[in-house]
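Asks: Sequence plus predicted model, see below.
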Amino acid sequence: GDSVTQKQGQVTLSEDDFLFINCTYSTTTYPTLFWYVQYPGQGPQLLLKVTTANNKGISRGFEATYDKGTTSFHLQKASVQESDSAVYFCALVEGGNYKPTFGKGTSLVVHP
Amino acid sequence: ETAVFQTPNYHVTQVGNEVSFNCKQTLGHDTMYWYKQDSKKLLKIMFSYNNKQLIVNETVPRRFSPQSSDKAHLNLRIKSVEPEDSAVYLCASRRLGEGDTQYFGPGTRLLVL
């Protein structure tokens, strides 16, 4: 079955640091890949997504590249802010599949 | 802008009681979900409905039962709560095939004493 792996449970940074959150996936097809962000007290919301038609997703300074060779979809941001503190989920959906697959989430803490 | 609404926000109850959570989406989507999120933020899918039909039913205890009156509403009933049911229950919706993005509600936090 499909799987998504986020190895980092928590990442702690200072403002203006570079962010890198690891995500790898396993599937038999070419799915749509997502990053969702969950702020405290809220449900997850879409941060960015990438389909097989395009390689990179960019949103609010975050970017992720769909690498079919290494089956990775790492999230990066050049300079984080304290307001980026949240939980980040990597996810995939295969076309027509009702059941999305989520990673375990990575908690980002950014100190001022 | 909230488009997936959940009630209540928070519920405290005793072991053995019955609880019901409500979810409504105004996005015109055809598929809705219930997820359980534990204290470590792990998201576990519980159920999914497409046009009022149950299509995903993960291995959850029988005391959990979803109910859908139409494609905009999906409720969750827990017949006799246990301490391990304490969690945040998230409702989500999606239009199948249209970008496949899920839209989540704010969640219902359940505490079982």
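Replies: Okay, I see it. Numbering: from 1, shown residues only, chains lettered A, B, ... in the order given.
Asks: contact partners of stretch A:59-76?
Replies: For stretch A:59-76, contacts defined as Cβ atoms under 8 Å, 6 or more residues apart in numbering or on different chains pick out A:18-27, A:30, A:33, A:35, A:47-48, A:50, A:52, A:54-57, A:77-79, A:88, A:90. Any C-beta I mention is one placed from the backbone N, CA and C, and that applies to glycine too.
Asks: Now do the contacts for the nearest residue to residue A:51 once chain neighbours are set aside.
Replies: The shortest distance from residue A:51 to any non-neighbouring residue, by Cβ to Cβ, 6 or more residues apart in numbering or on different chains, is to residue A:32 (4.9 Å). Taking Cβ under 8 Å, 6+ apart, we find residue A:32 in contact with A:49-52, A:92-95, B:99-100.
Asks: Please repeat the previous calculation with a cut-off of 10 Å.
Replies: A:49-53, A:66, A:91-95, A:97, A:100, B:99-101 (Cβ atoms under 10 Å, 6 or more residues apart in numbering or on different chains).
Asks: Equivalent analysis for residue B:36, please.
Replies: So residue B:36 contacts B:42-46, B:58, B:60, B:64, B:76, B:85, B:87-90, B:110 (Cβ under 10 Å, 6+ apart).
Asks: So which residues on chain A come close to chain B?
Replies: A:9, A:31-32, A:34, A:36, A:38, A:41-46, A:49, A:51, A:87, A:89, A:91-107 (Cβ under 10 Å from any Cβ of the partner chain).
Asks: Could you tell me which of these belong to strands?
Replies: A:32, A:34, A:36, A:38, A:45-46, A:49, A:87, A:89, A:91-93, A:101-102, A:106-107 (DSSP state E).
Asks: Can you give me the neighbour number for the residue of chain A found nearest chain B?
Replies: Distances between chain A and chain B by Cβ to the nearest Cβ are smallest at residue A:43, namely 3.1 Å. Residue A:43 has 22 neighbours, counted by other Cβ atoms under 10 Å in any protein chain shown.
Asks: same check, this time on residue B:95
Replies: Neighbours of residue B:95 (other Cβ under 10 Å): 14.
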